[in-house]
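[1] Turn this into a structure:
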Amino acid sequence: MNKALKIIGYIFVLIMAIITLFPFLYMISSSLMSFQEVTSIPPKLFPDKPLFSNYSEAMEVAPFGRYFINTIIVTLANTLVTLLTTVLSAFALNFLNFKYKKLLQNFMLSLLMIPFEIIIFTNFSTIARLGLIDTYTALIIPFLASVFYIFYLKEFLRSIPKDFYNAAKVDGASDFEFITRVVVPMSKSTLFTIGLLNFITGWNSFLWPLLVTNSTEMRLISNGLSAFASEAGHLIHLQMAASTITILPILILYFIFRKQILSGVSFGGIKR
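    You can find the predicted model right below:
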């Protein structure tokens, strides 16, 4: 009976994996097809002859190079500052005692209940009044801190005994020294995971950049891809090539750092 259940479980997982991976694999396959092959009926699963020239042609039709530069600048800025604010905030909430600490934590937790879409137009109005539309500042400012990542790191820091902090203060170490010499080294894998997840979120950002950018020069990769799909709607094979180019950096990052991601998610490195 147990063996039969195992086999059924494996079959179910395999079916789900195929359902999940098929659109992605078909996108890559279609990106190497000619227009006639992509639009053929019945559909073809594999190209007769891979056309890698589709990628260079897609890059020529739309300024994806500029989109990549914009996305890298915005995403790196957001990720680096988010890591800084996350470390400082999580440290303060976990190791420091100050007035109204509980009230502040409850208020911050309540912010997690508010979807970003509800406040997006308030943020847009603020950015517009400051005259920051179509600038890097508008793309970066709203994402310089994350309550979710702050509490994610705070839960990890609970595994660090507070005696470490007290001993450091007795030895004359400042809070900054304790953060750089103890907190950061001990939570390296978690911080790496936060940084990578934040980078992926920024890379895939769509709605906010769509609202605060007007010119082609300020588009991010997701908006550029959407505009390309509208402007070159009949060139399906080039759309697939552009989509593949867009997700390639994220895939490379994942396959290079997948061990660190799993380690950070499982709070590896410190036993509770």
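[2] pLDDT averaged over the longest helix seen in the chain - what is it?
    Taking DSSP state H as the criterion, the chain has its longest helix at helix 64-95. In this model, helix 64-95 carries a mean pLDDT of 93.
[3] With stretch 167-185 instead?
    Mean pLDDT, stretch 167-185: 89.
[4] cool, stretch 134-144 as well?
    On average, stretch 134-144 scores 92.
[5] still on that earlier bit, please pull up the helix or strand immediately following the longest helix of the chain.
    helix 101-111 (DSSP states H and E).
[6] Remind me which helix or strand residue 20 belongs to.
    helix 2-31.
[7] which residues sit against the very next helix or strand once past that helix?
    Later in the chain than helix 2-31, the nearest helix or strand by DSSP H and E is helix 35-38. Applying C-beta atoms under 8 Å, 6 or more residues apart in numbering, the contact partners of helix 35-38 are 30, 44, 47, 48, 235, 236, 237, 240. Any C-beta I mention is one placed from the backbone N, CA and C, and that applies to glycine too.
[8] please redo it, this time with the cut-off set to 6 Å
    30, 44, 47, 236, 237 (C-beta atoms under 6 Å, 6 or more residues apart in numbering).
[9] Could you tell me which residues make contact with the fourth one?
    With contacts defined as C-beta under 6 Å, 6+ apart, residue 236 is in contact with residue 38.
[10] that older thread, quick check, nearest of the contacts of helix 35-38 to residue 104?
    Nearest to residue 104, judged by C-beta to C-beta, of those is residue 30 at 50.8 Å.
[11] surely that closest one meets residue 240?
    Yes - between residue 30 and residue 240 there is a contact under C-beta atoms under 6 Å: 4.1 Å.
[12] tell me what the helix holding residue 20 is packed against?
    Under the contact definition 3 or more C-beta pairs under 6 Å, 6 or more residues apart in numbering; DSSP states H and E, helix 2-31 sits against helix 236-265.
[13] how close does residue 259 sit to residue 174?
    For residue 259, the distance to residue 174 equals 34 Å [C-beta to C-beta, to the nearest Å].
[14] again with residue 246
    Distance, residue 246 to residue 174, by C-beta to C-beta: 44 Å.
[15] In terms of neighbours, single out the busier of these two.
    Set residue 246 next to residue 174 and count neighbours by other C-beta atoms under 10 Å: residue 246 wins out with 21 against 10.
[16] Contact partners for the more buried one?
    Residue 246 makes contact with 221, 225, according to C-beta under 6 Å, 6+ apart.
[17] Can you give the distance from the longest helix of the chain to the centre of its chain?
    Here helix 64-95 shows a centroid-to-chain-centroid distance of 10 Å under the convention C-alpha atoms, centre = their mean, to the nearest Å.
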